[in-house]
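Student: only geometry, no sequence info:
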């Protein structure tokens, strides 16, 4: 694959974008195996390390998953994660709207948290599928730590919702004292 001199993207990003395009158009379907890093390097005319970086990036984005000794596969939810359905058609724009459109900073924090949580949840599922109890336990601890470190996000979301309700002229049905308290776990590692 010849490299376009005018293309400013990093080589690994070009490989990632091409594979994302193949998923989007349906050339690569959920469950399909990707070529090895060596074969990918030959196909795209890049170094093996560049191909490995592209594979890591795809996995980091949740578009692929690796099974030791088997290869790298397109994730079952990859089309949804890149905004297309299983047939390669764009998903309706209504599912792509931000959760908090008038507070971009909070929206970004929420999105990053949800992405991290989904990545960790994927680790847990993969560990259970591979019957790797140690990895499942480690990923579960990672999820608990993530939740513990983002308690401020939950508080900010609650404040946002409360402010939204006040702005709309509505009040909560239960006074704050009557609402159940949010239980906070003490971080045993701290």
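Tutor: Right, received. Where do you want to start? Model, not experiment: these values are computed from the prediction.
Student: can you pull the contacts of the residue positioned nearest the centre of the chain?
Tutor: The centre of the chain sits closest to residue 115, judged by Cα atoms, centre = their mean, with a distance of 3.8 Å. Counting by Cβ atoms under 8 Å, 6 or more residues apart in numbering, residue 115 touches residue 62. Where you see a C-beta, it was placed from the backbone N, CA and C, and this is true even at glycine.
Student: that's a helix at it, yeah?
Tutor: Yes. Counting by DSSP: H, G, I helix; E, B strand; the rest coil, residue 115 is located in a helix.
Student: residue 77 and residue 31 touch, don't they?
Tutor: No. At 11.2 Å, residue 77 does not count as touching residue 31 under the criterion of Cβ atoms under 8 Å.
Student: report the separation between the residue nearest to the centre of the chain and residue 148.
Tutor: Residue 115 sits 18 Å away from residue 148 when distances are taken as Cβ to Cβ, to the nearest Å.
Student: after the helix or strand containing residue 137, next one along is what?
Tutor: For residue 137, the element it lies in under DSSP states H and E is helix 133-149. Using DSSP H and E, the helix or strand that directly follows helix 133-149 along the chain is helix 151-167.
Student: quick one: list the elements packing against that following helix.
Tutor: helix 104-129 (3 or more Cβ pairs under 8 Å, 6 or more residues apart in numbering; DSSP states H and E).
Student: the helix it packs on: which residues count as buried?
Tutor: Buried residues in helix 104-129, counting neighbours by 16 or more other Cβ atoms under 10 Å, are found at 106, 109, 110, 113, 119, 120, 122, 123, 124, 126, 127.
Student: again with stretch 44-51
Tutor: Buried-residue list, stretch 44-51, by 16+ other Cβ under 10 Å: 44, 46, 50, 51.
Student: so which of these are in helices?
Tutor: 44, 50, 51 (DSSP state H).
Student: using a markdown table, please lay out the residues you listed together with pLDDT and distance to residue 163.
Tutor: A markdown table is the format used below for these (pLDDT from 0 to 100; distance: Cβ to Cβ, whole Å):
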| residue | pLDDT | distance to residue 163 |
| --- | --- | --- |
| 44 | 93 | 49 |
| 50 | 94 | 47 |
| 51 | 95 | 48 |
